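Trainee: Fold the stuff below for me.
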Amino acid sequence: YTLKENDLKGDDSFFANIIVDVTPDTCDDAFAYIPDLGGYGLVVYSYASNDSWRIKHNFFYFDPLSGDLTVGGVNFQWTDGLFGLALGPQNETGYRTLYFHALASTNEFSVSTEVLRNKTIALDSSYYHLF
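Mentor: Numbering: from 1, shown residues only. Predicted coordinates:
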């Protein structure tokens, strides 16, 4: 699958991770979650519909209070956004909790994959409080 133009955020996009949401019983309905650490977004891919969409949220950005780093005596500022993803177990409705954090952050956030998998909800600006 080739990501669509609107899945990218110009030259800022950088995809360094991917997590696949699938079970032995749902291979034809698999989803992939692809964090964009440079473009501060999350691309969701649906195998069943062979479609993708980009989700934006404030929780995908780096924490400005956690981006000033010193390693081996060298000081630098890090601005990488959404990077780490982990899926929890399926709940009774078949969805999971996606746990995530920006690379330059000390905060962990979560959202139900029910939100991510529903393109209509995921692209609606009122979804903010579902995270």
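Trainee: pLDDT score for the residue located most distally from the centre of the chain?
Mentor: Residue farthest from the centre of the chain, counting by C-alpha atoms, centre = their mean, is residue 73 at 32.0 Å. With respect to pLDDT, residue 73 has a value of 96.
Trainee: May I have the phi/psi pair for it?
Mentor: Dihedral pair for residue 73: phi 80, psi 0, per degrees, to the nearest 10.
Trainee: any idea how far residue 79 is from it?
Mentor: For residue 73, the distance to residue 79 (C-beta to C-beta, to the nearest Å) stands at 21 Å. C-beta: built from backbone N, CA, C; applies to glycine.
Trainee: Ok, residue 93 next?
Mentor: 37 Å.
Trainee: Who has more neighbours out of the two?
Mentor: residue 79 (14 against 8; other C-beta atoms under 10 Å).
Trainee: Please name the residues that touch residue 54.
Mentor: 6, 7, 8, 9, 36, 41, 42, 43, 44 (C-beta atoms under 8 Å, 6 or more residues apart in numbering).
Trainee: Out of those residues, list just those in strands.
Mentor: Within these, residues falling in strands by DSSP state E are 36, 41, 42, 43, 44.
Trainee: Which residue is the nearest non-sequential neighbour of the third one?
Mentor: Meaning residue 42. residue 55 (4.6 Å; C-beta to C-beta, 6 or more residues apart in numbering).
Trainee: Am I right that residue 34 sits in a strand?
Mentor: Yes: assigned with DSSP: H, G, I helix; E, B strand; the rest coil, residue 34 falls within a strand.
Trainee: give me the beta-bridge partners of the nearest residue to it once chain neighbours are set aside?
Mentor: Spatial nearest neighbour of residue 34, chain neighbours left out: residue 43 (4.3 Å); criterion: C-beta to C-beta, 6+ apart. Beta bridges link residue 43 to residue 34, residue 54, judged by DSSP bridges.
Trainee: what's the neighbour count on residue 43?
Mentor: Neighbour count of residue 43, defined by other C-beta under 10 Å: 22.
Trainee: any idea how far residue 56 is from it?
Mentor: 11 Å.
Trainee: now do residue 104
Mentor: From residue 104 to residue 56 the distance is 18 Å (C-beta to C-beta).
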